[in-house]
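J.: Please find the sequence and the predicted model below.
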2 protein chains.
Amino acid sequence: MTKRGRATYHHGDLRQALFTSAVALLDSAGIAGLTIRAVAHAAGVSHAAPVNHFADRRALLTALATDFFGDIQTLAVEKMADAPAGEARLVAFAEAMIDYALAHPNRFRLLWRRDLLDDADTGLNTAMDSLYDRLLVELQAGGWPLRFDVETYAIGLWSLVHGYLSMRLDGNLVAAHDARTGEPRHRAIIAAFLASVAPPPT
Amino acid sequence: MTKRGRATYHHGDLRQALFTSAVALLDSAGIAGLTIRAVAHAAGVSHAAPVNHFADRRALLTALATDFFGDIQTLAVEKMADAPAGEARLVAFAEAMIDYALAHPNRFRLLWRRDLLDDADTGLNTAMDSLYDRLLVELQAGGWPLRFDVETYAIGLWSLVHGYLSMRLDGNLVAAHDARTGEPRHRAIIAAFLASVAPPPT
DNA sequence: TCTGCAAATTGACAATGTCAATATTTGCTT
DNA sequence: AAGCAAATATTGACATTGTCAATTTGCAGA
């Protein structure tokens, strides 16, 4: 019998419990609030117990980030499947990122904190590349007459979404609509970016 | 006579010395390496001396960020003045950001770490808004037939540059040229974004 | 001169990540 | 079934860091 309701000395599935607690803490207290000790406490174990399941804080954060990339990818695939081929699919991709980021700002922030993540982790890199490839593939499959590189569009769109969200999450930008077209801002931005694909009807 | 060559007990211009040491440390050791104690040591004073000039670490980082925004603005104004009116001015703006970010990656990273900066600091907010306004004004002055909001273009360009640099500094992107047009990637991206202003010659 | 304020030092504390030593449990081997 | 090794958890410790309180030092103005 140990302190907190746990019946056995060994937890049973501490790794999972730590992971769950970590997500909850991240959501509620931010990256700074996600300390190893707080996670351990939330899971009802001693402050040094996590070392058996995550080598260090970096490893835990890396595991989280990898998972979040997977979540976004799942969401993106869903949204893109529902959209007609073409520009709408790219908007769907962007909206998956935006929806996820606005729903879970701290999770999204973590994804870009490379200083806190394990650069060498193949799982993380694969998850990220895999998401990027979704975008690339969609652009390649579009069959549109691109004025630039496919990569220019992929990098551009990725950058656009990333930057837009960075501003939104920093509070420097509020949800709004383009005054001229009435579209949501992020769609207007994407449309502007893709204008060299399909020029406006003069 | 105190420990390190300093002739007087009172430093004389410690604030400036701390600031200089802080920039050097930031450049060489990153944000994480920029500790109050390390800065104090580099300036040759005791670990608690900085409190007289910067209330806490956040205040120091805020002062730095404010200064860096000013540097970028200076650079942007220079570059834009050298460019012919129109799209080239927007490219110049972007290039000012990109040049600065690549030359001083850690300084640039700090600018977006709102979790480490003082949100309420008017100096910081003014410096940032002022830079953004440069971009906005240039777009407004262009006299081009915009398909979208001026703000859509401003937010879009800002986001584009921000996201692009985030990738570059994270090592997820290498300097390259658009394979189709031969332009540097960042120019291709900007050109694509502004295509809805001046459609390509079919 | 001397007195008060600004600036710097010293020493302390709490939070955190991490490690070593120890304790407990589980499951495999015989 | 018994015993043992590996896995897992606890306890205690330490270094780093930001911050604060108490004290010391020196400068400038009355």
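T.: That came through fine.

J.: can the helix ranked longest in chain A be found next to DNA strand D?
T.: The longest helix of chain A (DSSP state H) is helix A:57-82. No - using CB under 7 Å from any atom of the strand, helix A:57-82 never reaches DNA strand D; the gap is at least 13.0 Å. In this view, the C-beta of every residue, glycine as well, is placed from N, C-alpha and C.

J.: Could you list the alpha-carbon positions for the helix or strand that that helix is followed by in CSV?
T.: For helix A:57-82, the following helix or strand on the C-terminal side (DSSP states H and E) is helix A:87-103. Written as CSV, here are the backbone C-alpha positions of helix A:87-103 (Å, rounded to 0.1, in the frame of the first residue of the first chain):
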residue,chain,number,x,y,z
GLU,A,87,-7.4,24.3,-53.6
ALA,A,88,-10.0,23.1,-51.1
ARG,A,89,-7.8,20.3,-50.0
LEU,A,90,-5.0,22.7,-49.2
VAL,A,91,-7.4,24.8,-47.2
ALA,A,92,-8.5,21.7,-45.4
PHE,A,93,-4.9,20.9,-44.5
ALA,A,94,-4.4,24.4,-43.1
GLU,A,95,-7.7,24.2,-41.2
ALA,A,96,-6.6,21.0,-39.5
MET,A,97,-3.5,22.8,-38.2
ILE,A,98,-5.4,25.8,-37.2
ASP,A,99,-8.2,24.0,-35.5
TYR,A,100,-5.8,21.9,-33.6
ALA,A,101,-3.6,24.8,-32.6
LEU,A,102,-6.5,26.9,-31.4
ALA,A,103,-8.0,23.9,-29.5
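
J.: The helix or strand hosting A:D129 versus helix A:87-103: what angle between them?
T.: When elements are assigned from DSSP H and E, A:D129 belongs to helix A:122-141. Angle of helix A:122-141 versus helix A:87-103, following axes from the mean of the first three to the mean of the last three CA atoms, to 10 degrees, is 150 degrees.

J.: contact partners of helix A:122-141?
T.: For helix A:122-141, the external contacting residues (CB atoms under 8 Å, 6 or more residues apart in numbering or on different chains) are A:62-63, A:65-66, A:69-70, A:72-73, A:76-77, A:80, A:85, A:89-90, A:93, A:111, A:117-118, A:146, A:150-151, A:153-154, A:157-158, B:172.

J.: Check stretch A:8-23 too.
T.: The contact list for stretch A:8-23 (CB under 8 Å, 6+ apart) reads A:2, A:34, A:39-40, A:42-45, A:49-50, A:52-54, A:60, A:63-64, A:67, A:107.

J.: got a list of what the nearest residue to A:D71 once chain neighbours are set aside touches?
T.: Using CB to CB, 6 or more residues apart in numbering or on different chains and skipping the chain neighbours, the partner closest in space to A:D71 is A:Y100 (6.6 Å). Counting by CB under 8 Å, 6+ apart, A:Y100 touches A:68, A:71-72, A:75, A:107-108.

J.: And A:Y100, what's its pLDDT?
T.: At A:Y100, the model reports a pLDDT of 98.

J.: what's the distance between it and DNA strand C?
T.: Distance from A:Y100 to DNA strand C, counting by CB to the nearest atom of the strand, to the nearest Å: 25 Å.

J.: what's the answer for A:L64, then?
T.: Distance from A:L64 to DNA strand C, by CB to the nearest atom of the strand: 13 Å.

J.: and A:A55, how many residues sit next to it?
T.: Number of residues near A:A55 (other CB atoms under 10 Å in any protein chain shown) recorded here: 12.

J.: Could I get the CA-only coordinates of the helix holding A:D129 as CSV?
T.: The C-alpha trace of helix A:122-141 is given here as CSV (Å, rounded to 0.1, in the frame of the first residue of the first chain):
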residue,chain,number,x,y,z
THR,A,122,13.5,9.4,-35.5
GLY,A,123,9.9,9.0,-34.4
LEU,A,124,9.5,12.8,-34.0
ASN,A,125,11.2,13.5,-37.3
THR,A,126,9.2,10.9,-39.1
ALA,A,127,5.9,12.3,-37.7
MET,A,128,6.8,15.8,-38.7
ASP,A,129,8.0,14.8,-42.2
SER,A,130,5.0,12.7,-42.7
LEU,A,131,2.7,15.7,-42.1
TYR,A,132,4.7,17.8,-44.4
ASP,A,133,4.6,15.1,-47.1
ARG,A,134,0.8,15.2,-46.9
LEU,A,135,0.9,18.8,-48.1
LEU,A,136,3.6,18.1,-50.7
VAL,A,137,1.7,15.2,-52.1
GLU,A,138,-1.5,17.1,-52.4
LEU,A,139,0.2,19.9,-54.3
GLN,A,140,1.8,17.4,-56.6
ALA,A,141,-1.4,15.6,-57.2
